[in-house]
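Engineer: Please work out how this folds:
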Amino acid sequence: MFVGIDWASKTHELCVVDPQGKIVEQFGFAHTEHGIAGAVGRLAKLGNPSELPIAIERPDGLLVERLLDAGHEVVPIHPNAFHAARPRWEGAGSKSDVGDAFRLADLLRTDRHRLRPLRPLDQATRELQELVRLRDDHVAARVAATNQLAALLARHWPGAAAIFARLDSEIALDFLERYPTPHSTARLGESRLGAFLRRHSYSGRRSARELLTRLRQAPQPVHTLDPELVAELVHAQTRVVRTLLSTIADLDRAIAASLDQHGKAQLLKPLPRIGTISLGQVVAEVGPLLDRTTTTEQAAALCGSSPITKRSGQQRSVCFRYATNTKARKALMLFADNSRHASPWAERIYHDARARGCRHPHAIRILARAWLRVIWACWHTNTPYDPTRHRGHDRHLQDLTLT
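Structural biologist: All right, here's what the predicted structure looks like:
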């Protein structure tokens, strides 16, 4: 038998069909402990969970984890693929949650051999994935908070935004804490600013005089608020940025500690210029896809590093792949972009792609697909990456020697 679940945030619809497509069981259940436990129990009465595969339109979440823990084979179906298959059942375009549960079960019945089931994540990967994803959220929040601080300063204190290169740097935040308003810098001279820079170990190339010139030459706001109110606004927003910087630093340390406990991380640690955070992202986001797939082509498609080719008669087009795991693509592309600055082999692939007319993002995807073949070999053979055993790397070094 085959199971389809149309999930939602509060309630879910479930349908079970037999090998001929006849409905055996159909019911809805709430997204509560009682509802989920009851649904798992009703499925157990129909047969062994290992013999009841489940199709659902998402690859993660609490419901998916509970189904995997119960012993079911869970098969995620991308919403785009499910939408494209709808004309199999009807052409009117009608839709209902109950009907979608049946269609998912029936699609699994007919196309199970084309679909790849999920594999339960091990504890180390699950922990690393949570840390990496939370860090991404905090980095996005830090960018938003810094932009809000820049907008606040642009309205009330433009000089403070112009003096240092990064508003989210420690020295810029300390300056705002000490001088939150234009009035607070009335007695700020070159000597005082120089002393402030020395106390904060300023490593920029600008002298105190140049920085003070930047501060004084910034435009002045037309409508001025009470200086105490401006100071309160600036202090409040700088505290938000500082808090996010602190949590990101804590998460960085936690990711580094988690990587030390992950067996696969040591295989990819020697990759050129991968870094701790990039390594954590690749292991947490790309690793589960490597476990699910049987070829590098499948992994490249899931990671978004391979395009979509469309052929019809004499027409042929190659398009960007949108339906993919965006987190895995981001992790792989970030590593590929960094690697070209430390690996001659990667640099050559990138420059060859640019020479053929590829734009930067396209060239990075080509390089990422090449790296994915290397990562695949290391991952599935349990062999740490070694540039001396990398044949493409060796051939490139020979070319450099000959030239």
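
Engineer: my read: L121 touches P288, true?
Structural biologist: Yes. Using Cβ atoms under 8 Å, L121 makes contact with P288 at a distance of 6.1 Å. Bear in mind the C-beta positions are built from the backbone N, C-alpha and C, glycine included.

Engineer: how close does the residue nearest to A172 when sequence neighbours are not counted get to S312?
Structural biologist: Once flanking residues are discounted, A172 sits nearest to F164: 4.2 Å by Cβ to Cβ, 6 or more residues apart in numbering. As defined by Cβ to Cβ, to the nearest Å, F164 lies at a distance of 56 Å from S312.

Engineer: Could you check which of the two has the larger neighbour count?
Structural biologist: Applying other Cβ atoms under 10 Å to F164 and S312 shows that F164 carries more neighbours, namely 20 against 7.

Engineer: Next one: that one from W371, what distance?
Structural biologist: From F164 to W371 the distance is 36 Å (Cβ to Cβ).

Engineer: again, but for E297
Structural biologist: Taken as Cβ to Cβ, the span from E297 to W371 is 15 Å.

Engineer: Between the two, which is the more surrounded one?
Structural biologist: Shown here are E297 and W371; by other Cβ under 10 Å, W371 has more neighbours (26 against 13).

Engineer: circling back: what's the overlap in contacts for L121 and P288?
Structural biologist: Counting by Cβ atoms under 8 Å, 6 or more residues apart in numbering, the common neighbours of L121 and P288 are Q129.

Engineer: Mind checking which of the two has more residues around it?
Structural biologist: P288 (23 against 18).

Engineer: what's the host helix or strand of A257 packed up against?
Structural biologist: Using DSSP states H and E, A257 maps to helix 227-260. With contacts taken as 3 or more Cβ pairs under 8 Å, 6 or more residues apart in numbering; DSSP states H and E, helix 227-260 sits against helix 123-156, helix 170-178, helix 276-281.

Engineer: Buried deepest among those, which one?
Structural biologist: helix 276-281 (a mean of 22; mean count of other Cβ atoms under 10 Å).

Engineer: Show me how far that helix is from its chain's centre.
Structural biologist: 11 Å (Cα atoms, centre = their mean, to the nearest Å).

Engineer: Including mean pLDDT and distance to R66, could the helices and strands packed on helix 227-260 go into TSV?
Structural biologist: Listed next are the helices and strands packed on helix 227-260 as TSV, based on pLDDT from 0 to 100; distance: least, Cβ to Cβ, whole Å:
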stretch	mean pLDDT	distance to R66
helix 123-156	94	14
helix 170-178	92	44
helix 276-281	94	26
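
Engineer: out of those helices, nearest to V241?
Structural biologist: Between V241 and those, the shortest gap by Cβ to Cβ is with helix 123-156, which sits at 5.0 Å.

Engineer: Report all helices and strands that the next helix or strand after the closest one contacts.
Structural biologist: Counting by DSSP H and E, the next helix or strand C-terminal to helix 123-156 is helix 158-163. Where contact means 3+ Cβ pairs under 8 Å, 6+ apart, helix 158-163 is packed against helix 123-156, helix 170-178, helix 208-217.

Engineer: can you give me the strands for the stretch 251-400 of the chain?
Structural biologist: Counting by DSSP state E, counting those that start in this stretch, the stretch 251-400 of the chain has strands at residues 308-312, 315-319.

Engineer: got the angle for the first one vs strand 315-319?
Structural biologist: It stands for strand 308-312. 170 degrees (axes from the mean of the first three to the mean of the last three Cα atoms, to 10 degrees).

Engineer: mind saving the C-alpha coords of strand 308-312 as PDB?
Structural biologist: In PDB, the C-alpha atoms belonging to strand 308-312 read as follows (Å, rounded to 0.1, in the frame of the first residue of the first chain):
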ATOM      1  CA  ILE A 308      18.100  22.100 -17.200                       C
ATOM      2  CA  THR A 309      18.300  21.200 -20.900                       C
ATOM      3  CA  LYS A 310      15.200  21.400 -23.100                       C
ATOM      4  CA  ARG A 311      15.200  19.800 -26.600                       C
ATOM      5  CA  SER A 312      12.300  19.700 -29.100                       C
END
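
Engineer: So for the closest residue to A231 other than its chain neighbours, what's the pLDDT?
Structural biologist: Excluding its sequence neighbours, the residue lying closest to A231 (Cβ to Cβ, 6+ apart) is P180, at 4.0 Å. pLDDT, P180: 91.

Engineer: Could you report the distance from P180 to V230?
Structural biologist: 7 Å.

Engineer: for L107, same thing?
Structural biologist: 60 Å.

Engineer: Kindly report the same for C15.
Structural biologist: Taking Cβ to Cβ, one finds C15 at 60 Å from V230.

Engineer: Look at stretch 284-295 and report the distance between its end residues.
Structural biologist: Its start and end residues considered, stretch 284-295 measures 19 Å (Cα to Cα, to the nearest Å).

Engineer: Now do the contacts for the residue most central in space within the chain.
Structural biologist: In the chain, the centroid-proximal residue (Cα atoms, centre = their mean) is K327; its distance is 2.9 Å. Taking Cβ under 8 Å, 6+ apart, we find K327 in contact with R133, D136, Q281, E285.
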